[in-house]
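Asks: Structure for the following, please:
(2 chains)
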2 protein chains.
Amino acid sequence: MITATILIRPKEGILDAQGKAVEGALPALGFSGIEHVRVGRIVELHAENADQLEELCEKLLANPLIEDYEIEIS
Amino acid sequence: MITATILIRPKEGILDAQGKAVEGALPALGFSGIEHVRVGRIVELHAENADQLEELCEKLLANPLIEDYEIEIS
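Replies: Purely as a prediction, here's the structure:
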C-alpha cells in the first residue's frame, strides 16, 4: 500500500470562484494585505499501486480542462 | 509579500462526505485497491505578513470544529 497526496488547483488564468469569494469576504472581516487567493482541493488516499493514479485524476478527481493536478507518493 | 499554502483537512474520525463519494464511484469506473480517501482544500495566497493567517483560517477558511489546518510559508 502506498499513500498518495493529490493536489488539484485551478489552472492559471481560469476564474477561481472560491478564491474570489474569499477575497471578497476579507475586508468585512477586518483582513487586509491578502491577495491572489486560489482555492483547490487536496485528496489523500491509500492505493495498492501508483499506476492508476493519473487515470484516477483524469477521470474522477480533477477536471483537466480547468484544473492542474500534482501527484505526490509517500 | 509572502506566499502561504494552507492545507485544510477533515479531522480524523469526522465523516468525510466527499471522500466517501469518491470511494463509492471507484468500482463503477474500474478502479480497485484504492481506499481511505479523504478530501480537503488547499488555499494559496499572497499576504503582507504571516501574523493574520491563523486568524484567517479560524474565521474564514476552515471550520475548526470539523477541520484541521496547516499553514506553510514559502
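
Asks: now the helices for chain A?
Replies: Along chain A, the stretches classed as helices by DSSP state H are A:17-25, A:53-56.

Asks: winner for burial among those helices?
Replies: When you average the neighbours per residue for each of the helices of chain A (mean count of other CB atoms under 10 Å in any protein chain shown), helix A:53-56 leads with a mean of 17. All C-beta spots, glycine's among them, are computed from the backbone N, C-alpha and C.

Asks: That one near chain B anywhere?
Replies: Yes - Helix A:53-56 lies within reach of chain B by CB under 8 Å from any CB of the partner chain, at A:55, A:56.

Asks: Surely residue A:44 touches residue A:7?
Replies: No - contact criterion CB atoms under 8 Å: residue A:44 and residue A:7 do not qualify, at 10.2 Å.

Asks: Apart from its chain neighbours, what residue comes closest to residue A:44?
Replies: residue B:38 (4.8 Å; CB to CB, 6 or more residues apart in numbering or on different chains).

Asks: what does chain A have sitting close to chain B?
Replies: A:7-9, A:19, A:22, A:25-26, A:29, A:31-49, A:52, A:55-56, A:59-61.

Asks: Quick one, which of these are buried?
Replies: A:7-9, A:19, A:22, A:26, A:31, A:34, A:37-45, A:47, A:52, A:56, A:60-61 (16 or more other CB atoms under 10 Å in any protein chain shown).

Asks: follow-up on the earlier one: which ones are touching the residue nearest to residue A:44?
Replies: A:43, A:44, A:45, B:9, B:10, B:16, B:19 (CB atoms under 8 Å, 6 or more residues apart in numbering or on different chains).
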